[in-house]
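# Only the shape, not the letters, is given here:
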């Protein structure tokens, strides 16, 4: 298995669709929290109204499995009409700095 991996997924809702998108993501989050390897899976709203999912997975392999999970597949179909554009997913490589507890996710 590989090292833990952090991911961001940015969702841009159509005008008026923010609450519906939050509802869909909230249902998916509850399911994803039970997936093997999920260490963190949480949504945040930025000042421009985009939703940012911050994820941490115990390995790239388990993240890859998550990508084809029922929750992600269902979310992709259900959210399609609520999005103004594609979801932007970025896998991040940690650069530890400072204390172990505060210097990395």
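Structure received. This is a predicted model, so every value here is computed, not measured.
# alpha carbons only for contacts and neighbour counts from here, please
Fine.
# Find the nearest non-adjacent residue to the residue nearest the centre of the chain, please.
Closest to where the C-alpha atoms of the chain average out (CA atoms, centre = their mean) is residue 53, at 3.7 Å. Among residues not flanking residue 53 along the chain, residue 43 sits closest, at 4.3 Å (CA to CA, 6 or more residues apart in numbering).
# burial measure for that neighbour, as a count.
18 (other CA atoms under 10 Å).
# before we move on, the earlier item: now for the residue nearest to the centre of the chain: which residues touch it?
By CA atoms under 8 Å, 6 or more residues apart in numbering, the residues touching residue 53 are 7-11, 41-44.
# just checking, what packs against the helix or strand of the chain with the lowest mean pLDDT?
Ranking every helix and strand in the chain by mean pLDDT, DSSP states H and E puts helix 70-79 at the bottom, with a mean of 91. Packing partners of helix 70-79 (3 or more CA pairs under 8 Å, 6 or more residues apart in numbering; DSSP states H and E): helix 18-32.
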